[in-house]
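Colleague: Build the 3D model from these lines:
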Amino acid sequence: MAIDKEVGYWREEMEKSLAGARTVKAAGLLFTTGITSVDDDGKVVGAGDMAAQVTQVYSTIGKILMKNNLTFENVVKEVIYVTDGKAFFDAHQIRIDNYQGLMPPAITGVEVVGLFNPDLLIEVDITAVCEN
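Modeller: Sure, this is the predicted structure:
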């Protein structure tokens, strides 16, 4: 039995070659791939600067949510991967500001040795509830 789902791409050809998609909507939920600090051309923004990368990541998440007619209020789960926990906590207010006045999502934070590009310091994936 096939699951009814809708996929969204950022860089479609590359994502399809990896058998992946930027977003998947299924069962009333939006799932994202890990969002990193890259611009529209795939170039790293803020190499070595956690605050700049957190800003870029949450800006991208906001755009993804908006494209799907959602807001940060719809986010119910975040998984945050960072290469430097202290640097992330120093920049954490940037993340918090996106949820100001909203019920926060469940979060999981993981400090990792590295991400797929050594210039990246943070990767975040979210799950959001889609409104009917």
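Colleague: which non-adjacent residue is nearest residue 34?
Modeller: Nearest residue to residue 34, sequence neighbours excluded (CB to CB, 6 or more residues apart in numbering): residue 123, at 4.0 Å. (C-beta placed from N, C-alpha, C; glycine too.)
Colleague: looking at this, that neighbour is in a helix?
Modeller: No - Residue 123 is assigned strand when assessed by DSSP: H, G, I helix; E, B strand; the rest coil, not a helix.
Colleague: How many residues are close by it?
Modeller: By other CB atoms under 10 Å, 22 other residues sit near residue 123.
Colleague: Can you mark which positions in stretch 105-119 are buried?
Modeller: Neighbour-count burial for stretch 105-119, counted by 16 or more other CB atoms under 10 Å, picks out 105, 115, 119.
Colleague: and if you look at stretch 59-75?
Modeller: So, applying 16+ other CB under 10 Å, buried residues of stretch 59-75: 60-61, 64-65, 68, 70, 72, 74-75.
Colleague: Settle this for me: the residue nearest to residue 34 is touching residue 78, isn't it.
Modeller: No - Residue 123 lies out of contact with residue 78 (CB atoms under 8 Å); the separation is 11.0 Å.
Colleague: Return the residues in contact with residue 81.
Modeller: 34, 110-112, 115, 122-124 (CB atoms under 8 Å, 6 or more residues apart in numbering).
Colleague: Next, give me the two most distant ones among those.
Modeller: 34 and 111 (14.9 Å; CB to CB).
Colleague: quick revisit: pLDDT score assigned to the residue nearest to residue 34?
Modeller: Per-residue confidence (pLDDT) for residue 123: 97.
Colleague: partner residues bridging it?
Modeller: residue 36, residue 81 (DSSP bridges).
Colleague: distance of it from residue 55?
Modeller: Using CB to CB, to the nearest Å, residue 123 is found at 14 Å from residue 55.
Colleague: which residue ranges form the strands in this structure?
Modeller: 5-8, 23-26, 29-32, 35-36, 75-82, 106-111, 122-129 (DSSP state E).
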